[in-house]
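A.B. asks: what follows is a predicted protein model with its sequence.
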There are 2 protein chains.
Amino acid sequence: MATNELDRLTQLLSRLPGLGPRSARRAVLYLMKKRESLMLPLAKAMTAAASSITNCRVCGNLDTENPCHICQSPKRDISKICVVEEVGDLWALERSGAFKGHYHVLGGTLSALDGRGPAQLHVNGLLDRAGEPHVQEVILALSATVDGQTTGHYLNECLAGYEVDVSKLAHGVPVGGSLDYLDDGTLSAALKARRSAN
Amino acid sequence: MATNELDRLTQLLSRLPGLGPRSARRAVLYLMKKRESLMLPLAKAMTAAASSITNCRVCGNLDTENPCHICQSPKRDISKICVVEEVGDLWALERSGAFKGHYHVLGGTLSALDGRGPAQLHVNGLLDRAGEPHVQEVILALSATVDGQTTGHYLNECLAGYEVDVSKLAHGVPVGGSLDYLDDGTLSAALKARRSAN
Ligand SMILES: [Zn+2]
Ligand SMILES: [Zn+2]
């Protein structure tokens, strides 16, 4: 029988993706056994992240610096912008080590079902960046879902008047699959075999 | 690509039972989107729980009060002590509503494999309590695993010299099953059909 404090902690934890009420209870009991070594460090890390991490005003990445370390790095290829749906996709591509350009996080896909239109995505920022003279290629690294593909077509049309090549990931991304779940090899292959979006 | 702060948060979260590195990353991204509504409240709830919740010195339950609210309650039957392995099992029995006596949390089972002997469990506290004149029955609510049954036999021998009935849960607990995963109905049935441990 949980006290109010433990109930509240269990409820909050159960809101995390992948944790239901039962696994949240197990997590709480585990945390109570590891107060000094896990629970308090975790609370501190959350508080620190909440105050120090922001979305990069250029690309949307999460970082302590703004613009983020990728946008600031002199080692990255500024001629390429890789468009992803979420920060998790950016992380997946970074883990693969296959891409050394810049990113742009859309913040989702267009979705008729969820009522998400272009105004809910960071499209204008992308178009501003695509208009900069050093940008030569925009790579659409979107999920191979209906919404992902719809978003790709939409962005391709938006970018038609710009002096940039628009490419998309090669198939290799499993149909219906989300980028974040792909292994590094598949991601690398799909990126290398990218083709013109026209 | 995570910053050190996000890396650290991901690593700490991935140590929770049920969360691997991948689900920890998803949880971190979710938390970053819900800073005010989830991340900071969660950090606060953890800090509060770490400082305000202790193990009851009588039964081992987790509570803000010590002795816990169950040990202090005038409504509970002081003639019965239900012995469980972990606080999670106590919670499961409380959720079932089938038991209105007191508890004793052992802190695990005997385990040859994990090198856990009687000294690692809260056995002495149980024997002290079993010797109190108002205690009439000790119910062994242990897992139907080899270690759980071994622990039950051991406790039954320890309690042989005491003026208490020793009972154990009826079968109904699936063999190899852990109490915490049982539905309330099965738990209630197993408790009602309990039989003498001799
Ligand atoms: Zn950036
Ligand atoms: Zn207690």
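C.D. replies: That came in fine, so what should we check first? Ligands and ions are numbered 1, 2, ... in the order given.
A.B. asks: next, A:Pro21: phi, psi?
C.D. replies: Here is the backbone geometry of A:Pro21 (degrees, to the nearest 10): phi -60, psi -40.
A.B. asks: which residues touch it?
C.D. replies: A:Thr10, A:Ser14 (Cβ atoms under 8 Å, 6 or more residues apart in numbering or on different chains). The C-beta positions use only the backbone N, C-alpha and C, and glycine is treated the same way.
A.B. asks: state the distance from the residue nearest to A:Arg15 when sequence neighbours are not counted to B:Val28.
C.D. replies: Distances taken as Cβ to Cβ, 6 or more residues apart in numbering or on different chains place B:Leu38 nearest to A:Arg15, at 6.0 Å, with adjacent residues excluded. Per Cβ to Cβ, to the nearest Å, B:Leu38 is found 12 Å from B:Val28.
A.B. asks: those two: who's more crowded?
C.D. replies: Legend: neighbour count by other Cβ atoms under 10 Å in any protein chain shown for B:Leu38 and B:Val28, higher for B:Val28 (30 against 19).
A.B. asks: ok, now which ones touch that one?
C.D. replies: B:Val28 neighbours (Cβ under 8 Å, 6+ apart): A:Ala49, B:Ala2, B:Leu6, B:Leu9, B:Thr10, B:Leu13.
A.B. asks: now do the SS call for it.
C.D. replies: Look at B:Val28: counting by DSSP: H, G, I helix; E, B strand; the rest coil, its state is helix.
A.B. asks: how near is it to B:Leu42?
C.D. replies: As for B:Val28, its distance to B:Leu42 is 12 Å (criterion: Cβ to Cβ).
A.B. asks: next: A:Lys34.
C.D. replies: 16 Å.
A.B. asks: out of these two, which sits in the busier spot?
C.D. replies: The neighbour comparison of A:Lys34 against B:Leu42 (other Cβ under 10 Å) goes to B:Leu42, with 24 against 16.
A.B. asks: near A:Ala160, how many other residues are there?
C.D. replies: By other Cβ under 10 Å, the residues close to A:Ala160 number 10.
A.B. asks: and it, helix, strand or coil?
C.D. replies: A:Ala160 - assigned by three-state DSSP - is helix.
A.B. asks: so, low pLDDT: which residues of chain A?
C.D. replies: A:1-3, A:171-176, A:195-198 (pLDDT under 70).
A.B. asks: what residues does it put near ligand 2?
C.D. replies: By Cβ under 5 Å from the ion, no residue of chain A approaches ligand 2.
A.B. asks: could you point out the longest strand in chain A?
C.D. replies: Under DSSP state E, the strand in chain A containing the largest number of residues is strand A:77-84.
A.B. asks: check which residues of the next helix or strand after that one are buried.
C.D. replies: Counting by DSSP states H and E, the next helix or strand C-terminal to strand A:77-84 is helix A:87-96. Residues A:Val87, A:Gly88, A:Asp89, A:Leu90, A:Trp91, A:Ala92, A:Leu93, A:Glu94, A:Ser96 are the ones in helix A:87-96 that count as buried (16 or more other Cβ atoms under 10 Å in any protein chain shown).
A.B. asks: nearest to B:Gly185, out of the residues you listed: which one, please.
C.D. replies: Distance to B:Gly185, by Cβ to Cβ, is smallest for A:Gly88 among these, at 40.2 Å.
A.B. asks: now the closest residue to that closest one other than its chain neighbours, what's its secondary structure?
C.D. replies: Excluding the flanking residues, the one nearest A:Gly88 by Cβ to Cβ, 6+ apart is A:Asp180, at 4.5 Å. Secondary structure, three-state DSSP: A:Asp180 is helix.
A.B. asks: show me where chain A has strands.
C.D. replies: Under the criterion DSSP E, chain A carries strands at the ranges A:54-55, A:62-63, A:77-84, A:101-105, A:137-140, A:165-168, A:195-196.
A.B. asks: just how off-centre is the second one within its chain?
C.D. replies: When distances are taken as Cα atoms, centre = their mean, to the nearest Å, strand A:62-63 is centred 11 Å away from the chain's centroid.
A.B. asks: do it and chain B meet?
C.D. replies: Yes: using Cβ under 8 Å from any Cβ of the partner chain, we find that strand A:62-63 touches chain B at A:Leu62, A:Asp63.
A.B. asks: please name every helix or strand in contact with that strand.
C.D. replies: If contacts are counted by 3 or more Cβ pairs under 8 Å, 6 or more residues apart in numbering or on different chains; DSSP states H and E, strand A:62-63 sits against strand A:54-55.
A.B. asks: partner strands of the strand it packs on, with direction?
C.D. replies: Partner strands and pairing direction for strand A:54-55 (DSSP bridges) are strand A:62-63 (antiparallel).
A.B. asks: what does the partner strand rub up against?
C.D. replies: Contacting residues not belonging to strand A:62-63 are listed as A:53-56, A:68-70, A:87, B:2-3, B:6, B:29, B:32 [Cβ under 8 Å, 6+ apart].
A.B. asks: give me the neighbour count for A:Asp63.
C.D. replies: 23.
A.B. asks: wait, A:Ala130 touches A:Val138, no?
C.D. replies: Yes: assessed by Cβ atoms under 8 Å, A:Ala130 is found in contact with A:Val138 at 5.6 Å.
A.B. asks: okay, these two: which has more neighbours?
C.D. replies: Shown here are A:Ala130 and A:Val138; by other Cβ under 10 Å, A:Val138 has more neighbours (26 against 22).
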